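How does the following fold in three dimensions:
(one chain, ligands or ions: 2)
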Amino acid sequence: MNGITLALSKGRIFEETLPLLAAAGITPTDNPESSRKLIIGTNRPDVRLVIVRATDTPTYVQYGAADMGIAGKDVLIEHGGAGLYQPLDLNIAKCRLCVAVPKEFDYAAAVKRGARIRVATKYVKAAKEHFAAKGMHVDLIKLYGSMELAPLVGLADAIVDLVSTGSTLKANNLVEVEDIMPISSRLVVNQASLKLKRELIQPVLDAFAGAIRP
Ligand code: ATP
Ligand code: MG
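Ligands and ions are numbered 1, 2, ... in the order given. From the prediction side, this is the model:
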């Protein structure tokens, strides 16, 4: 492809990226929510979008299947960031990574007595670093979704998950007991693409940078 390919995931990242694309003069020709197409054109013949699973975005960009992509910090931590430039925090898809437990579980007491707790999460790497920094020994259980269920059925004592409003935690009788880090999405660029296609990529980067909302 002579032009540039941008990898995006459906849902909040796509929605919140639309204003940034508009600032760069890019309008998608299809809506991935209603279309089944995975390759979406734009008003510009030299720019196309590929629709991927959020966790796969860094992988497409790392291998150059997409020149650029937009991915959450959570996803980038788990991926590791190899082969990627991360020039911009776009301040979109904002939430936080936190530790949550059932209301009746005394997390502070468990930490204090050095209990070995079981933690279910999709974010194994971030969780491992968090508990290691606190000097806590935990058993991590990798899940791929619906982490909130794990403590309710005895799979884990705690979860590490993304939270924005907290309504999912509340609906499942869970409370946030530790804030790990704020999360937002970043622009990632394939390192070789940036060198070989700079004249196409740089203006998009500049337009995105100018359109970031505080
Ligand atoms: P899926 O929901 O299809 O399993 P996913 O959870 O990886 O996949 P999204 O829910 O679209 O995909 O989340 C994409 C990114 O948006 C996440 O990687 C994270 O950075 C951010 N995010 C996740 N949950 C929230 C939230 N509740 N509020 C704001 N941003 C969020
Ligand atoms: Mg999700």
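
Name the helix or strand for residue 6, please.
strand 4-8 (DSSP states H and E).

Give me the mean pLDDT for the longest strand seen in the chain.
Determined from DSSP state E, the single longest strand within the chain is strand 84-102. For strand 84-102, mean pLDDT rounds to 98.

who does that strand pair up with?
In the sheet, strand 84-102 lines up against strand 158-163 (antiparallel), strand 174-190 (antiparallel) (DSSP bridges).

hang on, the earlier thing: next secondary structure after the strand holding residue 6?
That would be, after strand 4-8 and using DSSP H and E, helix 12-23.

Tell me the helix or strand right after that next one.
Assignment by DSSP H and E places the next element after helix 12-23 at strand 39-41.

What is that following strand packed up against?
Using 3 or more C-beta pairs under 8 Å, 6 or more residues apart in numbering; DSSP states H and E, the elements in contact with strand 39-41 are strand 47-51. For every residue, glycine as well, the C-beta is placed using N, CA and C.

Dump the strands paired with strand 84-102 to a markdown table, plus distance to residue 97.
A markdown table is the format used below for those (distance: least, C-beta to C-beta, whole Å):
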| stretch | distance to residue 97 |
| --- | --- |
| strand 158-163 | 6 |
| strand 174-190 | 4 |
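
need the residues of this structure near ligand 1, please.
9, 11-13, 54-55, 72, 74-75, 93-95, 145, 162, 164, 183, 185 (C-beta under 6 Å from any ligand atom).
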